[in-house]
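>>> quick one, structure for this:
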Amino acid sequence: MAPGPAQAGSGATYPGQVPRVVVISGAGGGIGRASALRFAADGAAIAAIDVDQRTCDAVASEVEAAGGTAVAFGIDVSDEAAVQRMTAAIDERFGRADVLVHAAIQRMPGHLESLPTESFDRLLAVGLRGGFLLGRELGTLMLRQGSGVLVFIGSTAAHAPYPNTGAYAPCKAALVMLAKSFAIEWAGRGVRSLSVSPGMVRTPMTENLYSRPEILAGRSAIAPLGRIANPGEVASLVHYLASADASYVTGTDVLIDGGFTMSKFMHVPGRD
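Predicted coordinates for the structure are as follows:
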């Protein structure tokens, strides 16, 4: 019998089975890559997903070079048939799926009054539709075994809109609610679901901003902790929430923003 969520540690090995299997979308860089390496360090088998086959191959190679087990899938997570084929391949290879980390997103900034409909649709396809498809398909394996964890990477933009980012904030807000919807439907069947909402993080996607000293300094100054996060810090939180230590946590959105979201009155004149 497969162990329930309370028994499944981040690097648990089940008797007669493979180590815990962690599926990560957007694994080619940033939070996805950091999550892959963090789980692999505990002995988990990694299924790395990215639309760019080269980048997910590179992450899989990093895991294997460190002595771990990894497979790579260069797919578009908004493609239902591709997600179904990938799920079948994971089931055939490992016989289970224990954690999903959905970090895939496509940055398509723009002002709403001039944003092409195609840009709006594409971002939602990757971020929201992709999260639904991955959750639904991999969730079938989790429901079958009676255990599993879905972790969706949200954003502080889910709580407060970021201007000029197109569909990004609406997508992340919907993704947070998708995590809650999975949680409430599957809580009684051994599967947890939650979201993690990072604030300002220095990733390949945001490097064009943080490579500019004035932006790095300005953004660091408005975070109460006085700095920008790195992807490994988010990955560590994801790793914890998917572990047995967080076995009673489901349906919530966990902010990891250095105190930024709650700090607006720090910047209002006359509040000192």
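>>> what's the end-to-end length of stretch 175-194?
Terminal residues of stretch 175-194 lie 10 Å apart, using CA to CA, to the nearest Å.
>>> err, stretch 22-37, not the other one
11 Å.
>>> what's the separation between the nearest residue to Ala223 once chain neighbours are set aside and Glu118?
Once flanking residues are discounted, Ala223 sits nearest to Gly258: 4.1 Å by CB to CB, 6 or more residues apart in numbering. Where C-beta positions appear, they are placed from N, C-alpha and C, glycine not excepted. From Gly258 across to Glu118, the span is 34 Å (CB to CB, to the nearest Å).
>>> which one of these two is surrounded by more residues?
Gly258 (21 against 9; other CB atoms under 10 Å).
>>> by mean pLDDT, which helix or strand of the protein comes out lowest?
Within the chain, no helix or strand scores below helix 207-210, which has a mean of 78 by mean pLDDT, DSSP states H and E.
>>> who are the packing partners of the helix or strand hosting Ala34?
Per DSSP states H and E, Ala34 falls inside helix 30-41. When contacts are defined as 3 or more CB pairs under 8 Å, 6 or more residues apart in numbering; DSSP states H and E, helix 30-41 sits against strand 21-25, strand 45-50, helix 53-65, strand 99-102, helix 231-241.
>>> quick one, which of these gets closest to Val191.
strand 99-102 (10.0 Å; CB to CB).
>>> and the average pLDDT for the next helix or strand along the chain from the closest one is what?
Going down the chain from strand 99-102, the next helix or strand is helix 117-124, by DSSP H and E. Averaged over helix 117-124, pLDDT sits at 96.
>>> list the buried residues for helix 117-124?
By 16 or more other CB atoms under 10 Å, the buried positions in helix 117-124 come out as Ser119, Phe120, Arg122, Leu123, Leu124.
>>> again, but for stretch 80-93
Buried positions in stretch 80-93, judged by neighbour count with 16+ other CB under 10 Å: Ala82, Val83, Met86, Thr87, Ile90, Asp91.
>>> which residues are contacting that stretch?
Identification of contacts with stretch 80-93 by CB atoms under 8 Å, 6 or more residues apart in numbering yields 21, 23, 47, 49, 71, 73, 75-77, 97, 130, 133-134, 137-138, 140-141.
>>> of those residues, grab the buried ones for ChimeraX.
Burial among these is assessed by 16+ other CB under 10 Å; the matching ChimeraX selection reads:
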select :21,23,47,49,71,73,75,77,97,130,133,134,137,138,141
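>>> can you give me the first-to-last residue distance of stretch 220-231?
Stretch 220-231: ends 16 Å apart by CA to CA.
>>> for that stretch, buried residues please.
So for stretch 220-231, counting by 16+ other CB under 10 Å, buried means Ala223, Ile228, Ala229, Pro231.
>>> check the offset of that stretch from the chain's centre.
20 Å (CA atoms, centre = their mean, to the nearest Å).
>>> burial count for Gly232?
15.
>>> ok, the nearest residue to it once chain neighbours are set aside - contacts?
Excluding its sequence neighbours, the residue lying closest to Gly232 (CB to CB, 6+ apart) is Ala34, at 4.8 Å. Ala34 makes contact with Asn230, Pro231, Gly232, Val234, Ala235 under the criterion CB under 8 Å, 6+ apart.
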